[in-house]
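Visitor: no sequence on this one, just coordinates:
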């Protein structure tokens, strides 16, 4: 699998364009890896996870052909992950040369809101699929299992366990300390690469709900290593950072270096 980090920030972006805090001012000054757009990844150029308002700019920045994307997975409907009205630009008359529908997957709220924004199929340009936790689906040669997140108690928020060619990817944001049913499902499984929510820096809590901080990420890594879910060659990347953490890219790198955890940044590509 080829994993392309399109965005690595939390909801407000980093820096928040309206904010004058030290972290945002320093991020603007230093630029580089400190400039983060809303979180999303692209897998093998054809599977996209989440669609924020930054997707257009991310595609231009990284020279991505969004017309080639075949599958769009929604984790949940919070605004930094879910802007279905932007997909209207894919309909006939707006986008030319499209020869396949975009298959859209999500919980019932995501699917119903997307259909309301686009119409039931928008001239055959879209196909909709309801995801149910722990029920595996096939996207050609890739298998995806939605898992439960520990995030918004009013919505069935999802994480993804993705398998292809003998490799496995865990996509784990937005979530805090993992849902009990997700822990159980992952027992006996192997993760070759984990992408984990690290919205916060230090929180003095290794069981953070809703979003993880540094201590919670380290505790997840410890448990997975004990259970054999992470092997000696497994990769762990953190993403979804907020400026309210007060940490810039180098600060997160220093915090995670002893554990061998990598800090993702916008535009990073990892070949798994």
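Guide: In hand now; what should we look at? In this text the structure is predicted, and so the values were computed from the model without any measurement. Numbering: from 1, shown residues only.

Visitor: list the contacts for residue 177?
Guide: The contact partners of residue 177, taken as Cβ atoms under 8 Å, 6 or more residues apart in numbering, are 150, 206, 207, 208, 209, 212, 216, 219, 220. (Each C-beta comes from the backbone N, C-alpha and C, glycine too.)

Visitor: Report the contact partners of the closest residue to it other than its chain neighbours.
Guide: Leaving aside its sequence neighbours, residue 177 sits nearest to residue 207 (Cβ to Cβ, 6 or more residues apart in numbering; 4.4 Å). Residue 207 is in contact with 176, 177, 216, 219, counting by Cβ under 8 Å, 6+ apart.

Visitor: Also residue 94?
Guide: Residue 94 makes contact with residue 88, according to Cβ under 8 Å, 6+ apart.

Visitor: Next one: it from residue 121, what distance?
Guide: As judged by Cβ to Cβ, to the nearest Å, residue 94 and residue 121 stand 15 Å apart.

Visitor: So which of the contacts of residue 177 belong to helices?
Guide: In helices, defined here by DSSP state H, the members of the contacts of residue 177 are 216, 219, 220.

Visitor: Can you show me the strands along the stretch 1-150 of the chain?
Guide: Using DSSP state E, counting those that start in this stretch, the strands of the stretch 1-150 of the chain run over 2-7, 40-43, 47-49, 71-73, 102-106, 126-130, 137-139, 142-148.

Visitor: need those strands in CSV with mean pLDDT and mean neighbour count, can you?
Guide: Output for these, formatted as CSV (pLDDT from 0 to 100; neighbours: other Cβ atoms under 10 Å):
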stretch, mean pLDDT, mean neighbour count
strand 2-7, 98, 22
strand 40-43, 98, 24
strand 47-49, 98, 25
strand 71-73, 98, 24
strand 102-106, 98, 22
strand 126-130, 97, 16
strand 137-139, 98, 15
strand 142-148, 98, 20
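
Visitor: Same list, these, but as a markdown table with distance to residue 154 please.
Guide: Converted to a markdown table, the strands of the stretch 1-150 of the chain look like this (distance: least, Cβ to Cβ, whole Å):
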| stretch | distance to residue 154 |
| --- | --- |
| strand 2-7 | 24 |
| strand 40-43 | 23 |
| strand 47-49 | 21 |
| strand 71-73 | 20 |
| strand 102-106 | 15 |
| strand 126-130 | 18 |
| strand 137-139 | 25 |
| strand 142-148 | 14 |
